[in-house]
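Visitor: return a 3D structure for these sequence lines:
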Amino acid sequence: MMQALIALAWGVGTFAIIVGMVSIVLDKFGNSVGGTSNTTVQYLLGQLGSTGGGLSTYAPIIIVVGIAMVIFAAFGGGGKKY
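Guide: Sure thing, here's the model as predicted:
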């Protein structure tokens with residue numbers, strides 16, 4: 001069970017790092033290009049970010065669902081076979 005939780009932690013950590021790196025790259029790209037491209041990049045950053053229902057707001061839900069799946073798999077897999 002601990003190995004499954006460790007794998008889940010690696011997955012969530014990797015997800016957070018990728019979102020952070022993408023945010024930094026998009027911000028630098030938008031600032032260097034400017035104009036309409038900057039507006040589009042700022043919109044994408046809002047969609048990735050933690051405000052306005054962005055992708056990062058789902059991270060706690062993903063963690064809870066993942067842990068629940070690991071627990072259900074650990075306790076629900078050894079039932080009676082009919």
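Visitor: what mean pLDDT does the helix or strand Ala9 falls within have?
Guide: Using DSSP states H and E, Ala9 sits within helix 2-33. Averaging pLDDT along helix 2-33 gives 78.
Visitor: which helix or strand lies directly C-terminal to it?
Guide: Along the chain past helix 2-33, the next helix or strand (assigned with DSSP H and E) turns out to be helix 35-48.
Visitor: that following helix: how far from the chain's middle?
Guide: In terms of C-alpha atoms, centre = their mean, to the nearest Å, the centre of helix 35-48 is set 19 Å apart from its chain centre.
Visitor: which other helices and strands contact that helix?
Guide: helix 2-33 (3 or more C-beta pairs under 8 Å, 6 or more residues apart in numbering; DSSP states H and E). For every residue, glycine as well, the C-beta is placed using N, CA and C.
Visitor: buried ones in the helix it packs on, by neighbour count?
Guide: 8, 15, 19, 23, 26, 30 (16 or more other C-beta atoms under 10 Å).
Visitor: take those and write them to CSV, including distance to Gln47.
Guide: CSV is the format used below for those (distance: C-beta to C-beta, whole Å):
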residue, distance to Gln47
Leu8, 25
Phe15, 15
Val19, 11
Ser23, 10
Leu26, 10
Gly30, 13
